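Student: I would like the atomic coordinates for the input below:
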Amino acid sequence: MPRSEYRCRTCGDTFELSRPMAESSAPADCPAGHDDTVKLLSTVAVGGTASSSAPARRTGGGGGGGGCCGGGCCG
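Tutor: Just a heads-up that it's a prediction; the model follows:
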């Protein structure tokens, strides 16, 4: 279940809630009971290093592995 971060406009507290995506835009009460909250935008950090020796992408023609259904439906 995705976690969303909120900030209470009344007390300034920042808190997180786990909610289904269908409820992600529903109002949230802060832990102190206030109902004037705003959902914060989340940022995602992705780490790692780039490699110039990445394998070439295969296109077309059979061969096993990868793709959907083992490469048979993509091409």
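Student: For the chain, which segments count as strands?
Tutor: 3-8, 14-18, 37-39 (DSSP state E).
Student: In CSV, list those strands along with distance to residue 31 and mean neighbour count.
Tutor: In this view, the C-beta of every residue, glycine as well, is placed from N, C-alpha and C. Shown next, in CSV, are those (distance: least, CB to CB, whole Å; neighbours: other CB atoms under 10 Å):
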stretch, distance to residue 31, mean neighbour count
strand 3-8, 8, 16
strand 14-18, 6, 13
strand 37-39, 10, 15
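Student: Between the ones you listed, which one is closest to residue 25.
Tutor: For residue 25, the closest of the strands of the chain is strand 37-39, at 7.4 Å, according to CB to CB.
Student: by contact count, what packs against that closest one?
Tutor: Identification of packing neighbours for strand 37-39 by 3 or more CB pairs under 8 Å, 6 or more residues apart in numbering; DSSP states H and E yields strand 3-8.
Student: which residues sit against the strand it packs on?
Tutor: Contact with strand 3-8 is made by 13-19, 24, 28, 30, 32, 34, 36-40, 42, as judged by CB atoms under 8 Å, 6 or more residues apart in numbering.
Student: got a list of what residue 24 touches?
Tutor: Contacts of residue 24 (CB under 8 Å, 6+ apart): 2, 4, 39.
Student: any idea how far it lies from residue 47?
Tutor: Distance, residue 24 to residue 47, using CB to CB, to the nearest Å: 26 Å.
Student: now residue 38
Tutor: In terms of CB to CB, residue 38 sits 29 Å off from residue 47.
Student: Over to residue 30?
Tutor: Counting by CB to CB - residue 30 and residue 47 are separated by 32 Å.
Student: Looking at the two, which is more packed in?
Tutor: Neighbours per residue (other CB atoms under 10 Å) separate residue 30 from residue 47, with residue 30 holding more: 20 against 4.
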